[in-house]
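Q: Please work out how this folds:
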Amino acid sequence: MPGLTEPPAGTSLVAHRAPAWQPSSPLLAAASSAGIEVIGEVELAWRMAAELADPPVWLAVTGTNGKTTTVGMLESILHAAGADAVACGNVGLPVVDALLAGRRVLAVELSSFQLHWAPSVRPQAGALLNLAEDHLDWHGGMEPYARAKAQVLTGDVAIGWLDDDLVVDLLEDAPARDRVGFTLEEPSAGQLGVRDGWLVDRAFADDEPLIEISKIRPAGPPGIADALAATALARAYGVPSEAVREGLEAFEPAAHRAVRVTVDATDIQYINDSKATNPHAAVASLRAFDSVVWIAGGLLKGASVEDMVRSEAHRLRGAVLIGADRAVIADALAQYAPDVPVRVLDVAADDEPMVAVVRAAQELAQPGDTVLLAPAAASMDMFSDYAHRGQAFADAVRRLTAGESSDR
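A: Coordinates of the predicted model:
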């Protein structure tokens with residue numbers, strides 16, 4: 001590429017770049033060929049912190065799903081403990097900004113993109129929540145995707161979900177000084193888990209109940225798993241049990257994560273889980289309900305859907321499909337759920353697509369059912385992001401259940 005030449009001998013050049021750029025991008029490939037080191041904002045923050053006499057503590061979270069909820073829970077627990085902490089990274093606030101603000105504890109959400117470009121980062125404690133197909137188009141396959149995620153396990157304390165075989169393998173191979181597992185089952189020594197309706201710590205305490213799981217939000221297995229991971233990270237930092245309980249009780253989930261929009265006059269509830277942007281997240285969302293009219297579709301990013309449809313077909317009352325890869329999901333439903341009625345809609349973002357989607361879902365739903373937006377795909381083919389998609393769904397639900405445009 002013109003303008004890039006071999007750097008002078010003995011120099012080290014660093015290019016700071018947007019994390020979504022693929023390594024194969026022409027500019028980055030040319031920089032690499034010219035001997036220019038390419039790093040991301042997270043790596044830059046880590047190197048800046050290393051120059052400080054008293055650098056902040058890094059508590060890092062990654063995984064295919066649940067990162068933002070976990071890092072929010074962690075921030076809430078740290079605040080309950082009186083720590084000068086902030087959630088940063090992929091959650092929105094750049095790590096460099098948190099560092100320059102002088103925060104003492106960084107609860108860092110890390111995407112696979114960010115980890116790929118952060119080879120030096122070694123958090124005091126790092127948690128890998130789960131691992132499933134996602135961003136395979138960017139990474140070029142599951143193995144490099146998993147390798148990027150495993151970067152979070154290279155610090156002092158590596159934390160992983162024991163109910164995920166892929167995570168277990170990476171945790172066993174982690175070079176961390178200490179390895180801690182968490183599970184939705186009863187924990188063994190050295191683990192955190194659930195017993196008799198309580199979150200229990202047997203890793204940083206002998207056998208200590210911390211909080212009733214009925215008080216954890218969001219409710220259900222995904223929320224409990226995220227709370228376990230956040231607790232493990234906080235306990236690795238030395239947070240007392242009282243602060244864990246207070247922080248989790250105070251935590252409020254972010255929007256578009258399994259939020260109930262309303263229940264209509266026929267006892268049909270409408271759930272907005274637009275943040276379920278891959279099949280792994282959609283499965284967790286579907287399993288919270290017994291009879292579902294499922295709204296799905298968008299950009300699958302190379303992920304397969306057959307296992308998802310096969311395992312959850314029994315709970316589907318119907319399905320409404322939209323987006324660029326709607327036909328892929330339709331084919332899987334035809335193969336593994338042939339008796340489920342499916343509406344495949346060809347709608348555009350400027351045609352109020354969610355009004356048509358919700359109307360189609362209403363026609364399939366029966367009293368007591370759940371109309372669930374859990375797309376299993378990214379949103380950028382039709383919407384600016386998952387929040388835009390979720391808000392469009394919520395607005396359409398409120399409009400149609402109020403009777404302004406519904407034919408029901």
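Q: Secondary structure element for residue 317, which one?
A: Secondary structure here is read from DSSP states H and E; on that basis residue 317 sits in strand 316-321.
Q: average pLDDT for the next helix or strand after that strand?
A: Of the helices and strands lying after strand 316-321 in sequence (DSSP H and E), the nearest is helix 326-336. In this model, helix 326-336 carries a mean pLDDT of 98.
Q: picking that back up, buried residues of the strand holding residue 317, list them for me.
A: Of the residues in strand 316-321, 316, 317, 318, 319, 320, 321 count as buried by neighbour count, 16 or more other CB atoms under 10 Å. Where you see a C-beta, it was placed from the backbone N, CA and C, and this is true even at glycine.
Q: show me where pLDDT drops low in the stretch 201-350 of the chain?
A: Within the stretch 201-350 of the chain, the stretches with pLDDT under 70 are 348-350.
Q: Among the buried residues of strand 316-321, which one lies nearest to residue 114?
A: Each of the buried residues of strand 316-321 was scored against residue 114 by CB to CB, and residue 321 proved nearest at 31.4 Å.
Q: Redo the buried residues of strand 316-321 as TSV? Include distance to residue 249.
A: Output for the buried residues of strand 316-321, formatted as TSV (distance: CB to CB, whole Å):
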residue	distance to residue 249
316	35
317	35
318	37
319	37
320	36
321	39
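Q: Ignoring the adjacent residues along the chain, who's closest to residue 215?
A: residue 249 (5.5 Å; CB to CB, 6 or more residues apart in numbering).
Q: Against which helices or strands is the strand or helix carrying the one you found packed?
A: With elements delineated by DSSP H and E, residue 249 resides in helix 241-250, which encompasses its position. Based on contacts counted as 3 or more CB pairs under 8 Å, 6 or more residues apart in numbering; DSSP states H and E, the elements that helix 241-250 packs against are helix 67-80, strand 208-212, helix 221-237.
Q: Tell me which of those sits nearest to residue 147.
A: For residue 147, the closest of the helices and strands packed on helix 241-250 is helix 67-80, at 17.6 Å, according to CB to CB.
Q: Give me the distance from that closest one to the chain's centre.
A: When C-alpha coordinates are averaged (CA atoms, centre = their mean, to the nearest Å), helix 67-80 and its chain have centres 14 Å apart.
Q: Point to the residue nearest the middle of this protein.
A: The centroid of the chain falls nearest to residue 65 when counting by CA atoms, centre = their mean (2.8 Å).
Q: What's the separation between the residue nearest to that residue when sequence neighbours are not counted and residue 130?
A: Distances taken as CB to CB, 6+ apart place residue 281 nearest to residue 65, at 4.2 Å, with adjacent residues excluded. Separation of residue 281 from residue 130 (CB to CB, to the nearest Å) stands at 9 Å.
Q: Which neighbours do these two have in common?
A: Between them, residue 281 and residue 130 have 64, 65 as joint contacts when contacts are counted by CB atoms under 8 Å, 6 or more residues apart in numbering.
Q: count of neighbours near residue 178?
A: Residue 178: 14 surrounding residues under other CB atoms under 10 Å.
Q: ok, the residue nearest to the centre of the chain - contacts?
A: 129, 130, 132, 222, 276, 278, 280, 281, 284.
Q: now with 7 Å?
A: For residue 65, the contacting residues are 129, 130, 280, 281, 284, by CB atoms under 7 Å, 6 or more residues apart in numbering.
Q: Check residue 276 too.
A: Neighbours of residue 276 in contact, by CB under 7 Å, 6+ apart: 282, 285, 374, 375, 376.
Q: just checking, the first one is part of a helix?
A: Yes: following the definition DSSP: H, G, I helix; E, B strand; the rest coil, residue 282 is counted among the residues of a helix.
Q: Next, the nearest residue to it once chain neighbours are set aside: secondary structure please.
A: Ranked by CB to CB, 6+ apart and with sequence neighbours excluded, the top spatial neighbour of residue 282 is residue 376, at 3.6 Å. Judged by three-state DSSP, the three-state class of residue 376 is coil.
Q: do residue 82 as well
A: Reduced to three states with three-state DSSP, the structure at residue 82 is coil.
Q: What sits closest to it if chain neighbours are left out?
A: Residue 82 sits nearest to residue 243 (CB to CB, 6+ apart), 7.8 Å away.
Q: just checking, the one you found touches residue 76?
A: No: applying CB atoms under 7 Å, one finds residue 243 not in contact with residue 76, separated by 9.5 Å.
Q: which of those two has more neighbours?
A: Looking at residue 243 and residue 76 with other CB under 10 Å, you find the greater number of neighbours at residue 76, namely 24 against 21.
Q: returning to what we had before: can you say which two of the buried residues of strand 316-321 are spatially most distant?
A: 317 and 321 (14.4 Å).
Q: and stretch 87-101, what's its mean pLDDT?
A: Computed over stretch 87-101, the mean pLDDT rounds to 95.
Q: measure it end to end?
A: With CA to CA, to the nearest Å as the measure, the ends of stretch 87-101 fall 13 Å from one another.
Q: residues of that stretch that come out buried?
A: Within stretch 87-101, the residues scored as buried using 16+ other CB under 10 Å are 87, 88, 89, 90, 91, 93, 95, 96, 98, 99.
Q: May I ask you to confirm that the third one is in contact with residue 107?
A: No: assessed by CB under 7 Å, residue 89 is found out of contact with residue 107, at 8.3 Å.
Q: Show the contacting residues for residue 220.
A: When the contact criterion is CB under 7 Å, 6+ apart, the partners of residue 220 are residue 288.
Q: What's the separation between it and residue 71?
A: For residue 220 relative to residue 71 (CB to CB), the value is 19 Å.
Q: And residue 160, by the same measure?
A: From residue 160 across to residue 71, the span is 16 Å (CB to CB).
Q: Point out where the stretch 51-200 of the chain drops to low pLDDT.
A: For the stretch 51-200 of the chain, the ranges with pLDDT under 70 are 133-140.
Q: switch the cut-off to 80
A: 133-141 (pLDDT under 80).
Q: Please enumerate the strands of it.
A: 57-62, 85-89, 105-109, 125-128, 157-161, 178-182, 191-195, 198-201 (DSSP state E, counting those that start in this stretch).
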